[in-house]
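Trainee: Requesting a structural model of the entry that follows:
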Amino acid sequence: MKHLKNLLPLLILSFLISCGKHHKKEDSFTLTDTEKSKIERIVENHLKGELFSKTGKHVPVNVENSIVKEIDGNMYIVSTYGEYTSTSLLDKNTSTMEYEYAGITCTSSGCSANNGCIPESKASCTPCALADCSKSVTSFE
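Mentor: A predicted model of the protein is given here:
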């Protein structure tokens, strides 16, 4: 009986550690510099088209900042250029443990302060109250 008393805390500790490892696996996905650069180029090209359609001029565009962010349980890379915010959906590649571009980016200059204009699937963006959300869908097949 005394040995069982000592064994029970070890079993509980073992269970807690194994549960903790499962959560750490979820957090161990990374976004490679190559994938980040690819997404930023897609965003820059989309913004160049947006700005050209508004001004009629070719404007050089360079993403100023990009961060990986979780929104409503999905992972995104959020890139900014001036007043524009582009949110790109990320997929998880479980064989490489890396995030990959899911093929959709939503861009807005007015909805960056709230949760509007965010990819909600691989085909559409969440509504933006200011109606300035544009969608870019890219396929790599």
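Trainee: count of residues packed around residue 109?
Mentor: 17 (other CB atoms under 10 Å). C-beta coordinates here come from the backbone N, C-alpha and C atoms, glycine included.
Trainee: tell me, how many neighbours does the residue lying closest to residue 130 once chain neighbours are set aside end up with?
Mentor: Nearest non-adjacent residue to residue 130, counting by CB to CB, 6 or more residues apart in numbering: residue 110, 3.6 Å away. Neighbour count for residue 110, taken as other CB under 10 Å: 17.
Trainee: SS state for residue 110?
Mentor: coil (DSSP: H, G, I helix; E, B strand; the rest coil).
Trainee: from here on, count from 12
Mentor: Renumbered: residue one is now 12, and that last one reads residue 121.
Trainee: which ones are touching it?
Mentor: 139, 140, 141, 143 (CB atoms under 8 Å, 6 or more residues apart in numbering).
Trainee: what's the following helix or strand after the lowest-mean-pLDDT helix or strand in the chain?
Mentor: For the chain, using mean pLDDT, DSSP states H and E, the weakest element among its helices and strands is helix 13-38, scoring a mean of 53. Using DSSP states H and E, the helix or strand that follows helix 13-38 in sequence is helix 44-66.
Trainee: and for that next one, what are the contacting residues?
Mentor: 68-70, 72-74, 77, 88, 90, 92, 95, 97, 99, 109-112, 116, 118, 145, 147, 149.
Trainee: doesn't residue 82 make contact with residue 99?
Mentor: No - in terms of CB atoms under 8 Å, residue 99 does not count as a neighbour of residue 82; the distance is 11.5 Å.
Trainee: Neighbour count: the two, which is higher?
Mentor: residue 99 (27 against 15).
Trainee: which one is the more buried one nearest to, not counting chain neighbours?
Mentor: residue 116 (4.3 Å).
Trainee: SS state for that neighbour?
Mentor: Residue 116 - assigned by three-state DSSP - is strand.
Trainee: ok, so what distance separates it from residue 93?
Mentor: Per CB to CB, to the nearest Å, residue 116 is found 16 Å from residue 93.
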